[in-house]
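> Structure for the following, please:
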Amino acid sequence: MASLTVRKGKRVIQFSDSDGYRRTLYLGKMDKSTATGCKLHIEHLLASKAANAPIPNGTAIWLKELGDTIHSNLSGFGLVARREAMPTIESAVNRYFADRPEIKPVTKAAWTQGSRSLLEYFGSDKRVDKITPDDAKAFRGWLITAKLTKAKNKLAGSTAHKRLRFAKALFRGMVEDGLLSLNPFAKTHIKTTIDESRNVYVTAQQTYALMEACPDAEMRLLLALCRWGGLRNPCETHVLKWSNIDRQAEEIRLISPKTNTPRSIPIFPELKRPLDEAYEQARDGAVYVIDKNRGRADSGGSLQSHNLRTAIMNENPSPSRTPKLA
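Take a look at the predicted model:
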């Protein structure tokens, strides 16, 4: 059992530990109700240690929300384990990435953008336990309305949604690890809508016109692979190797990085000529089909955005001839 007394206007809890030593915990100036609750939780800790039993859920929650000074005293008494130092946002982000080395390059790129927004808004030194649900709501509003440092315009709703989703996942992971008791981003949402007015069917005639504007055979093949081969750009087009193309079977075989499953695509008549031209003009020893026009595909060992429209516009600045393909 523990006792609760008052010394010089300050609350004090005394108890005997499992070795029979008399321990004194100074609570400072605290109302009687809160101090009585502390006394009750300490009695639960003593009982759990004596019986080698789990700590009750209510006491476990209390410990997570307990201030560092009292928690440190309890750990010094041997009632609880020493508290892990609370990480900053920057260290939490670094650990989140390090614990998930299997993530795909495209996912990592999206997470990196989300982490940059968190660091820009809260600062790298902000402790994760100091972020409240109100802070999370303010961050949501900032994503929707503010112009970020490296952004030319305000973020689109879908982009803001993805960055908020990373924040929710980051803090959910810390809750699951027992580092935090609640996720301040749990109830924050950004509604996204698809602007169907931007959808356009690119006809074969338009594609041929675009191919005429391409600067080389490789770029024409890249367009053909997207339009008739249905390959994702850049995650499939830029990992496609010449060894993946079986001319005798008239088939293209590859493993999609997005789904990690094998795909086979017939070499349609529309693909034959672009393939032949690109093969004839490929440099000696070329491994990848898209070799010269890789953009930033090799930056940091990951595939990044490769905007076909920008590349073609640089050669043929005519918006009426260049629908948005990527």
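
> residues in contact with the spatially most central residue of the chain?
For the chain, the residue sitting closest to the mean C-alpha position, by Cα atoms, centre = their mean, is W111 at 3.1 Å. If you count contacts by Cβ atoms under 8 Å, 6 or more residues apart in numbering, W111 has them with Y96, F97, I103, F166. C-beta coordinates here come from the backbone N, C-alpha and C atoms, glycine included.

> Regarding it, which helix or strand does it belong to?
Assigned by DSSP states H and E, W111 belongs to helix 105-122.

> Which positions in that helix come out as buried?
105-106, 109-111, 113-119, 121-122 (16 or more other Cβ atoms under 10 Å).

> how much distance is there from it to the middle of the chain?
With Cα atoms, centre = their mean, to the nearest Å as the basis, helix 105-122 stands 6 Å off its chain's centre.

> if I look at the residue lying closest to L179 once chain neighbours are set aside, how far off is H71?
In space, L179 comes closest to E84 once its chain neighbours are excluded; the distance is 6.9 Å by Cβ to Cβ, 6 or more residues apart in numbering. Here the criterion is Cβ to Cβ, to the nearest Å. By it, E84 lies 11 Å from H71.

> Measure how buried N260 is and give me the count.
8 (other Cβ atoms under 10 Å).

> I'd like to know how far it sits from E102.
10 Å.

> next one: K191
For K191 relative to E102 (Cβ to Cβ), the value is 31 Å.

> next one: L222
28 Å.

> In terms of neighbours, single out the busier of the two.
Ranked by neighbour count (other Cβ under 10 Å), L222 and E102 place L222 first, with 29 against 5.

> Surely that one touches T237?
Yes: with contact defined as Cβ atoms under 8 Å, L222 reaches T237; the gap is 5.9 Å.

> Which residues are in contact with each of the two?
I290.

> List the residues that contact the nearest residue in space to N244 that is not next to it in sequence.
Spatial nearest neighbour of N244, chain neighbours left out: L254 (4.9 Å); criterion: Cβ to Cβ, 6+ apart. Listed by Cβ under 8 Å, 6+ apart, the contact set of L254 reads E236, V239, L240, N244, P262, R263.
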